[in-house]
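# Got a predicted structure here, sequence first:
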Amino acid sequence: MRLLQELSSELNRLFLFELPEGNRVEAVFYRGDTLCLSTQVGCAIGCPFCFSGRLGLLRNLTAEELVGQYELLKDRLPIKRVAFAGIGEPLMNWSHVKEVFWYLRKKSIGVSFYTTGHPLHKLGELLHLPHQGVTISLHSTSEEVRKRLLPHGGSLKELLKTLKEEIGKLSASKRKKISLAYLLLKGVNDGEEDIRAFGELVRELGTTATLLRYNSISEDYKDVEDSHYERAFLLLRSYHIRVTLSTRFRKDRLGGCGTLTVNRPLTEYLEDPL
Ligand code: SF4
C-alpha cells in the first residue's frame, strides 16, 4: 500500500492510498486533529445518498492496511484522534477494526466510530469499548424509510431492541458518548412528525443526537434549507436532549460526509501529486 496523492480545500485534506491490487481508498484529515479512516474497499450497505458504496463492497481492508493509513500520515499531520468513519461499515470488518482500535489506544490516540449498527451482534461489543464516541446512523424511525435509505443495514426494530439492551448496561457518562445520527433529506424524513419521533426516541434511549445536513451527492436527494435545519434543531432541543450539528468539515465538498469514494478518477488528483 502506498500514499498516492493529496487534495486539500480550505477545511479538509484528502489522502489517496493505492492498495497492492491497484484499488484506491481515501482518508480525510479534518478539524486540525482528526484522521477519518476507511475500513473497507467500498461498502455493502448501499445507502443511495452516499458516494462511498456506489461500487458495492470489493473487499475488507486488512489490519495492516488500516494501520497503514495512520502510519503513512502520522509524521506529516498532528493526529490526536482517529474516526472510523470513512468508506465502509466498520462492523462488517470488525476483527481487523478492533485490532487496530487497540493498536491506536496503546499510542494514546482517541478513537471514535460511525456505524449503521449492522451486523448487530458486533454492535454490543463496540458500544462497550473505551472509545471516544459511537455515532449510529438512524436517519428515520420508520422501518420502511430506513430500509430505503440503508437498504442492507438490517432491521430497525432489531437495532432498537439491541440498543435498548446494551445502552441500559452503560454508565451515564458512557451513554453520553453514544449518538444517533439523523441525516435530514428534503421531502424524505424532514417532516415535523419525523423529527419529533426521532427526538422522543433519543430521549427514551438517553443518548445524544447528531443532526446532519446533506452534501448533495445524488440528484435523487436534496439538502434542506437553512431555516428548516434550524427548526429541526430547535424541535429536537425541545426534547431536552443534546444535539450535535453538522460541522463545516462534514459539509465540505472535499472529504465531507458521504463524499469519499473508491477508485476516484486519478485526474482529480493531479493538482497535488506527492
Ligand atoms: S453511508 Fe456509510 S454505510 Fe452507507 S453506503 Fe456510505 S459508507 Fe456505507
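Noted; the coordinates are in hand.
# from the stretch 51-200 of the chain, which residue is nearest to the ligand?
Residue nearest to the ligand within the stretch 51-200 of the chain (CB to the nearest ligand atom): Gly53, separated by 3.0 Å. For every residue, glycine as well, the C-beta is placed using N, CA and C.
# mind checking the SS state of that residue?
coil (DSSP: H, G, I helix; E, B strand; the rest coil).
# In this structure it contacts Cys43, no?
Yes - with contact defined as CB atoms under 8 Å, Gly53 reaches Cys43; the gap is 3.6 Å.
# Common neighbours of these two, please.
Residues touching both Gly53 and Cys43 (CB atoms under 8 Å, 6 or more residues apart in numbering): Ile87.
# Next, give phi and psi for Lys174.
phi -70, psi -40 (degrees, to the nearest 10).
# Pull the number of nearby residues for it.
A count of nearby residues for Lys174, using other CB atoms under 10 Å, gives 15.
# Double-check Ser155 against Glu143; I have them as touching.
Yes - applying CB under 8 Å, one finds Ser155 in contact with Glu143, separated by 7.1 Å.
# neighbours of Leu260, just the number please.
Using other CB under 10 Å, the number of residues around Leu260 comes to 24.
# How is it assigned, secondary-structure-wise?
coil.
# Just list the residues touching it, thanks.
By CB under 8 Å, 6+ apart, the contact set of Leu260 is Leu14, Val25, Glu26, Val28, Ser38, Phe51, Ser52, Gly86, Ile87.
# Kindly state the pLDDT recorded for Tyr269?
Tyr269 carries a pLDDT score of 57 in this model.
# Ile167 now?
pLDDT, Ile167: 96.
# Begin at 27, not 1, for the rest of this chat.
Got it, the first residue is 27 from now on, which makes the last one we talked about Ile193.
# Contact partners for it?
Ile193 neighbours (CB under 8 Å, 6+ apart): Leu153, Arg201, Ile204, Leu231, Gly232, Thr233.
# Same list (the residues you listed) but as JSON lines, adding pLDDT and secondary structure.
Listed next are these as JSON lines, based on pLDDT from 0 to 100; DSSP: H, G, I helix; E, B strand; the rest coil:
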{"residue": "Leu153", "pLDDT": "97", "secondary structure": "helix"}
{"residue": "Arg201", "pLDDT": "94", "secondary structure": "helix"}
{"residue": "Ile204", "pLDDT": "98", "secondary structure": "strand"}
{"residue": "Leu231", "pLDDT": "96", "secondary structure": "helix"}
{"residue": "Gly232", "pLDDT": "95", "secondary structure": "coil"}
{"residue": "Thr233", "pLDDT": "97", "secondary structure": "coil"}
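# how about the residues you listed, which pair is most distant?
Largest separation among the contacts of Ile193 by CB to CB: Leu153 and Gly232, giving 12.7 Å.
# Just want to know which of these two has more residues nearby.
Applying other CB under 10 Å to Leu153 and Gly232 shows that Leu153 carries more neighbours, namely 23 against 15.
# if I read this right, that one contacts Leu196, doesn't it?
Yes - Leu153 is within contact range of Leu196, at 6.7 Å (criterion: CB under 8 Å).
# and Leu33, that one's in a strand?
Yes - Leu33 sits within a strand when classified using three-state DSSP.
# For the nearest residue to it once chain neighbours are set aside, which three-state class applies?
For Leu33, ignoring the flanking residues on the chain, the nearest one in space by CB to CB, 6 or more residues apart in numbering is Leu40 at 4.6 Å. Three-state call for Leu40 (three-state DSSP): strand.
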